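Undergrad: generate coordinates for the sequence data below:
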Amino acid sequence: MTPGVMISAPASGTGKTTVMLGLLRALRDRGLGVQPFKNGPDYIDPAFHHAASGREAYNLDNWAMNARLMDAIAARAAGADMVLAEGSMGLFDGVAKPGAAGHGSSAELARRMGWPVVLVLDVSGQAQSAAAVALGFARYWPDLPFGGVILNRVASARHERLVRLGMRAAGLPVLGALPRRGDLVLPQRHLGLVQALEHPDLERAICDYAGFLRDHVDLDALVACARAAENGCGTGAAPLPRPPAHRIALARDDAFSFIYPHLLEGWRRAGAEVIPFSPLADEPPDAKAGLVWLPGGYPELHAGRLAAATRFRAALQDHARTRPVHGECGGYMALGQGLIDKEGTRHQMAGLLGLVTSYAQRKMHLGYRRAQLRQPMPGFGAGAALRGHEFHYSTILEQPDTPLAQVRDAEGAIVPETGSRRGPVTGTFFHLIAEDQG
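TA: The predicted model follows:
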């Protein structure tokens, strides 16, 4: 089994992503093959992980995925020297009701895989008291493996001595102490971090993080922590998700990039051909594709360019006369009649669905989704149950087409974003993660 650790924190905003990227590159620079994973439904962080590690990064999600699928994805670590998994939100944070295999928390994943938790702890504004916080996290689940802490935003040498004094009294290993640096942040926008491909100088930033982590974290102790644990990465016997067509034209550019890596790998491993194209560059989808798939992303930031992409739009409309087209979230919005940007300007979209959405009327839609299909969509028949996640700020103004599914949140409440179907064209606001197989 491949040894590993879970990089987590008491809350969001504590610096665990920059710590994760620095560790991935610092360990890679030592000659180690490090396999990254991300807990939960995040389609931005894995691209950063890939850039830092040189290996494809995958999501593991115990609310949306059953145990067999998680094992199949975890088996992507085969051949690596160790695993680094990044948690989401706070260590124990999840939804109220369990899903396919859990509540979605990082702690559940770490416990299942046997990855000791390395807690990134923001110690600004406290000294010995930080140990009480860390001790609570270490003991909250007695059976959760706990490797130690990395202190972040340390103000001075004296501050570090006091915090370490408390950790020593609590019996908690300190694996590193990071001095406060205001420049160690990644640029953000309304859905979180900007995409990796948009970062102005990502390689330089990752190298900077790696140097900083090498200087202030005991990498030998971190590797030893991983190797001392009983790890349980899966065998990969279960299949990854099957492809919805044999030849898939996939939109891939700054406006359309949110698709989970395990889906793409499952499609390709099953023999499907995935042909990327760029709507922003006014490229048409492959003329021989059996399916056009528009992932989520940021079409609201590029609505003018999409409206002007007449070659792309004509080819997409021609494809949809006889073959299926599917869009998720941003891709769904691009299939509609119109998209209103934050300034209130309406832009013409593909017109394959009647959907009209507005980013000027912002409202956050966030959370897990379970969809029972009322109509078929590519890869799934009517009646299939799907698990996914929704995160956007757009408001539906018009949605005249046939509802695609009955959609509920993680607690079972019905949500109004049902998706749509018109002929061979379908779309959803949720991002597909896995079929719900009970």
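Undergrad: buried residues, the helix or strand encompassing Leu386. List them.
TA: Counting by DSSP states H and E, the element that carries Leu386 is strand 385-392. By 16 or more other Cβ atoms under 10 Å, the buried positions in strand 385-392 come out as Leu386, Arg387, Gly388, His389, Glu390, Phe391, His392. In short, each C-beta sits where N, CA and C put it, glycine included.
Undergrad: mind exporting the C-alpha coordinates of it to PDB?
TA: The C-alpha trace of strand 385-392 is given here as PDB (Å, rounded to 0.1, in the frame of the first residue of the first chain):
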ATOM      1  CA  ALA A 385     -29.800   8.400  -9.700                       C
ATOM      2  CA  LEU A 386     -26.800  10.600  -9.900                       C
ATOM      3  CA  ARG A 387     -24.700  12.400  -7.200                       C
ATOM      4  CA  GLY A 388     -22.900  15.700  -7.800                       C
ATOM      5  CA  HIS A 389     -22.300  19.100  -6.500                       C
ATOM      6  CA  GLU A 390     -23.500  22.600  -7.400                       C
ATOM      7  CA  PHE A 391     -21.700  25.900  -6.900                       C
ATOM      8  CA  HIS A 392     -22.500  29.100  -8.800                       C
END
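Undergrad: that older thread, out of the buried residues of strand 385-392, who's nearest Leu353?
TA: Distances from Leu353 to the buried residues of strand 385-392, taken as Cβ to Cβ, are shortest for His392 (16.1 Å).
Undergrad: identify the bridge partners of that closest one.
TA: Note on His392: beta-bridge partners by DSSP bridges are His365.
Undergrad: is it in contact with Gly331, as I believe?
TA: No: using Cβ atoms under 8 Å, His392 makes no contact with Gly331, being 11.4 Å away.
Undergrad: from the buried residues of strand 385-392, pick the one nearest Gly31.
TA: His389 (36.0 Å).
Undergrad: pull up the gap between that closest one and Val95, please.
TA: His389 sits 11 Å away from Val95, going by Cβ to Cβ, to the nearest Å.
Undergrad: same question for stretch 12-29, mean pLDDT?
TA: The pLDDT scores in stretch 12-29 average 96.
Undergrad: any buried residues in that stretch, and which?
TA: So for stretch 12-29, counting by 16+ other Cβ under 10 Å, buried means 14-28.
Undergrad: related to what we said a few turns ago, which neighbours do His389 and Val95 have in common?
TA: Both His389 and Val95 are in contact with Gly367, Tyr368, where contact means Cβ atoms under 8 Å, 6 or more residues apart in numbering.
Undergrad: could you chop the chain up by domain?
TA: Domain assignment of the chain by automatic domain parsing yields the ranges 4-228, 247-435.
Undergrad: and the longest one, how far apart are its ends?
TA: Counting by Cα to Cα, to the nearest Å, the length from the leading to the trailing residue of domain 4-228 is 9 Å.
Undergrad: so how far is it from its chain's centroid?
TA: Domain 4-228 has its C-alpha centroid displaced from the chain centroid by 14 Å (Cα atoms, centre = their mean, to the nearest Å).
Undergrad: quick one: pLDDT of Leu202?
TA: 88.
Undergrad: that one: neighbour count?
TA: 19 (other Cβ atoms under 10 Å).
Undergrad: wait, it sits on His49?
TA: No: look at Leu202 against His49 with Cβ under 8 Å: they stay out of range, at 11.8 Å.
Undergrad: give me the distance between the residue in the chain sticking out farthest from the centre and Gly125.
TA: In terms of distance from the mean C-alpha position of the chain, Arg158 ranks first, at 37.9 Å (Cα atoms, centre = their mean). Distance from Arg158 to Gly125, counting by Cβ to Cβ: 15 Å.
Undergrad: what does Arg204 give?
TA: Distance from Arg204 to Gly125, by Cβ to Cβ: 31 Å.
Undergrad: re the thing from before, need the residues touching each of His392 and Gly331.
TA: Contacts common to His392 and Gly331, judged by Cβ under 8 Å, 6+ apart, are Gly296.
Undergrad: show me where the stretch 51-200 of the chain has its strands.
TA: 58-60, 82-86, 117-122, 146-154, 174-179, 188-189, 192-193 (DSSP state E, counting those that start in this stretch).
Undergrad: of the domains of the chain, which shows the lowest average pLDDT?
TA: Lowest mean pLDDT of the domains of the chain: domain 4-228, a mean of 93.
Undergrad: hang on, the earlier thing: tell me which of the strands of the stretch 51-200 of the chain sits nearest to Ala110.
TA: Short answer: strand 117-122, nearest of the strands of the stretch 51-200 of the chain by Cβ to Cβ, at 5.3 Å.
Undergrad: ok, residues contacting that closest one?
TA: In contact with strand 117-122 (Cβ under 8 Å, 6+ apart) are residues 5-10, 13-16, 19, 91, 106-107, 110, 130, 133-134, 137-138, 144-153, 175, 222, 225.
Undergrad: out of the residues you listed, which are buried?
TA: 5-10, 14-16, 19, 91, 106-107, 110, 130, 133-134, 137-138, 144-153, 175, 222, 225.
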